[in-house]
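Asks: turn this into a model:
(2 chains)
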Amino acid sequence: MIKVTYVAPDGTATTLEAEPGSSVMQTAVANDLDGIVGECGGAMMCATCHCYVDPAWQDRTGARSSDEEEMLEGAATEVTEASRLSCQIRLDPALDGLVVHLPEEQH
Amino acid sequence: MNGQSVVIIGAGQGGLQAAVSLRQNGYQGAVTLVGGEPGLPYQRPPLSKAYLLDGRAEALVLRPESFFASKQVTYLPGTWAERIDRAARRVRVRGPEGEQDLPYDDLILATGTRNLRPPIDGLERAHDLRTLADAAALSAALARPRQIAVIGGGFIGLEFAAVARKLGHAVSVIEAAPRLMSRAVSAAMSRHFEEYHRALGVVLHLGVPAVHVGAQAVGLADGREVAAEFVLLAAGVRPNVELAEAAGLATGNGVIVDAALRCSDPAISALGDCASFPDPRSGRLLRLESVQAATDHARLIAARIALGAGADYAALPWFWSDQGDQKLQIAGYAGPEAEEETVAEGIVARFDSHGLAAVETVNNARIHMKARRLLASGAPVDLADLGEVIAA
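Replies: Numbering: from 1, shown residues only, chains lettered A, B, ... in the order given. Prediction:
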């Protein structure tokens, strides 16, 4: 099992166990975590699964694709260097322990 | 609000979203979600796309079972609403445990649509693609190479056709209208996708309806036969209005609601694919088949019930369709009489008497998102405004 920690804007951290191959978005939704919506189901259509990857993990989660970059323009909160659409971060054992920070809102 | 209760009929993405949003808005009463299908509520859009390729049903589930306990939402799967008693404010439902009456203060109809079945001889041989069970059966049928005919050249038929070609099947698409996706996109966009599907090797029969489905072929109105050992019916849908109609609610092309998404009985609301609501742009009744409308409707209705919020529905429609490697995105909604102008390769603007109504793009999320922001304000915009946004 791969562990992912989601940190809410108020600092509350929730650690979830993820299936290999699932995304950071799917793991949050499957565990009913507030703060990630994922309305389009991972089709990169809605920008409601925005997260900020913790600086310690940015090298390992890889770069945003150009489509992802463009959809992030529609995110409800500020986009930074750390911003990702969490549906585009696929979990594998190398990401065990990943920490992501959640934005104030997704709509 | 203790002692209050909301009953939601239909557990698709919109019905589920209504339950989620009621709790997010602090609604304290009872919430009951009634779904006709077995299992947990799931997403339909991937059924004609990713699911057919990866078969991962678990990735479609919208909320885990634990959601219903932790948010105190009573979920009744495999359960159908039979009758609304408006005077007594209760709904008769029938499920695995028999019949029961569910009392409500507010009732939300999220009954969705069912496949349109045109008068085609032998149509019972054709397969549907609407539910997870349909998609699972289809997936199994695609396990060996086949000659496939798709009746209907809309989003779902074409998404399926692209997947089936990728899996190595011989695919024909039969469309009664003279062009693909004619209800949804401009003529220029139809042409783009015609060329794309032909390049994939899909055989297109446009402007000619299917008249019979045989064991080895589909017969067309002009006498031609399209060889097919497997036929998918994807000729559009019709809204499920019978429950509302039998209760004496106003219906037409959908359950008719006002700008606050209330039915002719204000204790009842309707959302998503089954709802016919006033288009904020034209004021005309509009029925959309999209995740966006279903979930935005749900959020508005939930805020009204939970918080007494009185806003009119004004969300900008948006749509998408993934066909092979072509991602079609539409910001806004253009009626059938809208004019069109190709702004650049893969960008088509559509206009009506109020100005720019919609922007269609292919593999261009940047312009799509810019167009969404441009149109979302609701203020009139024109081609020059779109040009500025594209250049920015």
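Asks: so which bits of chain B are right by chain A?
Replies: Within chain B, the residues that sit near chain A (CB under 8 Å from any CB of the partner chain) are B:43, B:45-46, B:49-50, B:59-64, B:66-67, B:70-71, B:291-292, B:295, B:299, B:318, B:320, B:322, B:327, B:329, B:363-366, B:368-370, B:372-373. (C-beta placed from N, C-alpha, C; glycine too.)
Asks: and with 6 Å instead?
Replies: Contacts of chain B with chain A, taken as CB under 6 Å from any CB of the partner chain, map to B:43, B:46, B:63-64, B:67, B:295, B:320, B:365-366, B:369.
Asks: out of those, which is most surrounded?
Replies: Taking other CB atoms under 10 Å in any protein chain shown as the neighbour criterion, B:Thr295 ranks highest of those with 26 neighbours.
Asks: Validate this expectation: it resides in a helix.
Replies: Yes: assigned with DSSP: H, G, I helix; E, B strand; the rest coil, B:Thr295 falls within a helix.
Asks: quick one: residues contacting it.
Replies: Residues near B:Thr295 by CB atoms under 6 Å, 6 or more residues apart in numbering or on different chains: A:39, B:17.
Asks: what of B:Gly219?
Replies: Counting by CB under 6 Å, 6+ apart, B:Gly219 has contacts B:211-212, B:225.
Asks: buried ones among those residues?
Replies: Neighbour-count burial (16 or more other CB atoms under 10 Å in any protein chain shown) applied to these gives B:Val211.
Asks: in space, what's closest to A:Gln26 - neighbours in sequence excluded?
Replies: Using CB to CB, 6 or more residues apart in numbering or on different chains and skipping the chain neighbours, the partner closest in space to A:Gln26 is B:Ala59 (6.1 Å).
Asks: spatially central, which residue of chain A would that be?
Replies: A:Ser86 (2.8 Å; CA atoms, centre = their mean).
Asks: for stretch B:29-42, measure first residue to last.
Replies: For stretch B:29-42, the first-to-last residue distance is 24 Å (CA to CA, to the nearest Å).
Asks: swap in stretch B:69-79?
Replies: Start-to-end, stretch B:69-79 (CA to CA) is 18 Å.
Asks: quick one: buried residues of it?
Replies: Those would be B:73, B:75-77, B:79, for stretch B:69-79 by 16+ other CB under 10 Å.
Asks: which helix or strand in chain A has the lowest average pLDDT?
Replies: None of the helices or strands of chain A scores lower by mean pLDDT, DSSP states H and E than helix A:66-72, at a mean of 90.
Asks: contact partners for residue 52?
Replies: With no chain named, the answer covers chain A. For A:Tyr52, the contact set (CB under 6 Å, 6+ apart) comprises A:82-83, A:101.
Asks: could you do chain B instead?
Replies: B:139, B:163 are the contacts of B:Leu52 under CB under 6 Å, 6+ apart.
Asks: can you pull the residues of chain A lying near chain B?
Replies: Neighbours of chain B within chain A, by CB under 6 Å from any CB: A:30, A:32, A:39, A:41, A:45, A:67, A:70-71, A:73-74.
Asks: let me see the ranges of the strands in chain A.
Replies: For chain A, applying DSSP state E gives strands covering A:2-7, A:13-18, A:50-53, A:83-85, A:98-101.
Asks: dihedrals phi and psi, the residue of the stretch 51-200 of chain B found nearest chain A?
Replies: Residue nearest to chain A within the stretch 51-200 of chain B (CB to the nearest CB): B:Phe67, separated by 4.5 Å. Backbone torsions for B:Phe67, taken as degrees, to the nearest 10, come to phi -60, psi -40.
Asks: pretty sure it contacts A:Asp32?
Replies: Yes: here B:Phe67 reaches A:Asp32: they are 4.5 Å apart, a contact under CB atoms under 6 Å.
Asks: pLDDT wise, what is the residue of the stretch 51-200 of chain B closest to chain A at?
Replies: For B:Phe67, the pLDDT comes out at 91.
Asks: how about B:Ala260?
Replies: 98.
Asks: same question for B:Leu62.
Replies: Listed pLDDT for B:Leu62 reads 92.
Asks: for B:Asn2, same thing?
Replies: On pLDDT, B:Asn2 comes in at 47.
Asks: helices of chain A, start to end?
Replies: For chain A, the helices defined by DSSP state H cover A:24-30, A:58-61, A:66-72.
Asks: circling back to that earlier point, hmm, who's touching the least confident helix or strand of chain A?
Replies: With CB under 6 Å, 6+ apart as the criterion, helix A:66-72 contacts A:44, A:47, A:79, A:83, A:85, A:88, B:365-366.
Asks: redo that, cut-off 8 Å
Replies: The contact list for helix A:66-72 (CB atoms under 8 Å, 6 or more residues apart in numbering or on different chains) reads A:44-47, A:50, A:64, A:79, A:83-85, A:88, B:327, B:363-366, B:368-369.
Asks: same question, stretch B:160-168
Replies: Around stretch B:160-168, the neighbours that count as contacts under CB under 8 Å, 6+ apart are B:48-49, B:52-53, B:129, B:138, B:142, B:145, B:148, B:150, B:171, B:173, B:197, B:200-202, B:232, B:234, B:323-324.
Asks: any idea how far it is from the chain center?
Replies: Computed by CA atoms, centre = their mean, to the nearest Å, the chain-centroid distance of stretch B:160-168 equals 21 Å.
Asks: what does stretch B:270-286 give?
Replies: Stretch B:270-286 sits 13 Å away from the centroid of its parent chain (CA atoms, centre = their mean).
Asks: with stretch B:174-192 instead?
Replies: Going by CA atoms, centre = their mean, where stretch B:174-192 is centred and where its chain is centred differ by 18 Å.
Asks: rewinding a little: just the buried residues of the least confident helix or strand of chain A, please?
Replies: A:67-72.
Asks: again, but for stretch A:87-107
Replies: A:87-89, A:91, A:95, A:98-103, A:106.
Asks: now do stretch B:341-360
Replies: So for stretch B:341-360, counting by 16+ other CB under 10 Å, buried means B:342-343, B:346-352, B:356-360.
Asks: alpha carbons of that stretch, as PDB, please.
Replies: This file holds the C-alpha atoms of stretch B:341-360, laid out as PDB (Å, rounded to 0.1, in the frame of the first residue of the first chain):
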ATOM      1  CA  GLU B 341     -17.200  31.100 -37.700                       C
ATOM      2  CA  THR B 342     -14.000  29.100 -37.700                       C
ATOM      3  CA  VAL B 343     -11.600  31.400 -35.800                       C
ATOM      4  CA  ALA B 344      -8.500  29.200 -36.300                       C
ATOM      5  CA  GLU B 345      -7.600  25.500 -36.900                       C
ATOM      6  CA  GLY B 346      -9.700  23.600 -34.300                       C
ATOM      7  CA  ILE B 347     -11.500  26.700 -32.900                       C
ATOM      8  CA  VAL B 348     -15.100  27.400 -33.900                       C
ATOM      9  CA  ALA B 349     -17.100  30.300 -32.500                       C
ATOM     10  CA  ARG B 350     -20.900  30.200 -32.500                       C
ATOM     11  CA  PHE B 351     -23.200  33.200 -32.400                       C
ATOM     12  CA  ASP B 352     -26.800  34.000 -31.900                       C
ATOM     13  CA  SER B 353     -28.700  37.300 -31.600                       C
ATOM     14  CA  HIS B 354     -27.100  38.000 -28.200                       C
ATOM     15  CA  GLY B 355     -23.600  37.600 -29.600                       C
ATOM     16  CA  LEU B 356     -21.000  34.900 -28.900                       C
ATOM     17  CA  ALA B 357     -22.900  31.900 -27.500                       C
ATOM     18  CA  ALA B 358     -20.300  29.000 -27.500                       C
ATOM     19  CA  VAL B 359     -16.800  28.200 -28.400                       C
ATOM     20  CA  GLU B 360     -15.800  24.700 -29.700                       C
END
